[in-house]
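Whatever this is, show me its structure:
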Amino acid sequence: MDGSDRLSLESLDVRRVARLIDRFPRLRTRLFTEMESQYCDLNRRKPHQHYAARLAAKFAVRRLLGGGALREIEVVRDSSGSPSIRLHGRADRIAEGRDILISLSHEGALALAYVFVSERHV
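This is a model prediction of the structure:
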C-alpha cells in the first residue's frame, strides 16, 4: 500500500440509527437515495441494520475522500450482489482517479463498514 492508499473502518450502533430515523423520518431522504431506502425497506426484517451499515460506509468514504455530502455517496449492489459505491456531485469530483472498495457487515446492534480507497493505476 503506497501513501495514496487508505483504509477506514466505521462502526455504528444500529439502535441509535433506528432511533434517529424513527424520530426524524426526513433523515431518510436527507441521507439516503431512493434506491438505498428501497433496498433497506423492501423485504427486510430488520431495515435499520441495512440503513446503519450504509450510513457507516458513507461516513468512512467521506472521511477518506475529505468531503462530499452523505447523499452524494450511494451504496449500491453490483451485478454479483456485492456492495459498491456510486458517487454523485462533489463527492464524484473529489474521488476522480480513485477506486473505492467496501465491505459491509451487521450483527445485532452493530453495523460495520470497511472502506478502501486507492489511486487508480492505468
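
so Ile102 makes contact with Ser84?
Yes - assessed by Cβ atoms under 8 Å, Ile102 is found in contact with Ser84 at 6.6 Å. All C-beta spots, glycine's among them, are computed from the backbone N, C-alpha and C.

Quickly list what's touching both of these two.
Val75 (Cβ atoms under 8 Å, 6 or more residues apart in numbering).

Same drill for those two, tell me which one is more crowded.
Using other Cβ atoms under 10 Å as the criterion, Ile102 and Ser84 rank with Ile102 on top: 21 against 15.

I'd guess that one is in a strand, am I close?
Yes - judged by DSSP: H, G, I helix; E, B strand; the rest coil, Ile102 forms part of a strand.

mind listing what it touches?
Going by Cβ under 8 Å, 6+ apart, Ile102 touches Ala57, Ala60, Val61, Val75, Pro83, Ser84, Ile85, Ala113, Tyr114, Val115, Phe116.

quick one, what contacts the closest residue in space to Arg77 that isn't next to it in sequence?
Excluding its sequence neighbours, the residue lying closest to Arg77 (Cβ to Cβ, 6 or more residues apart in numbering) is Pro83, at 6.2 Å. Shown in contact with Pro83 (Cβ under 8 Å, 6+ apart): Ala57, Val75, Val76, Arg77, Ile102, Ser103, Leu104.
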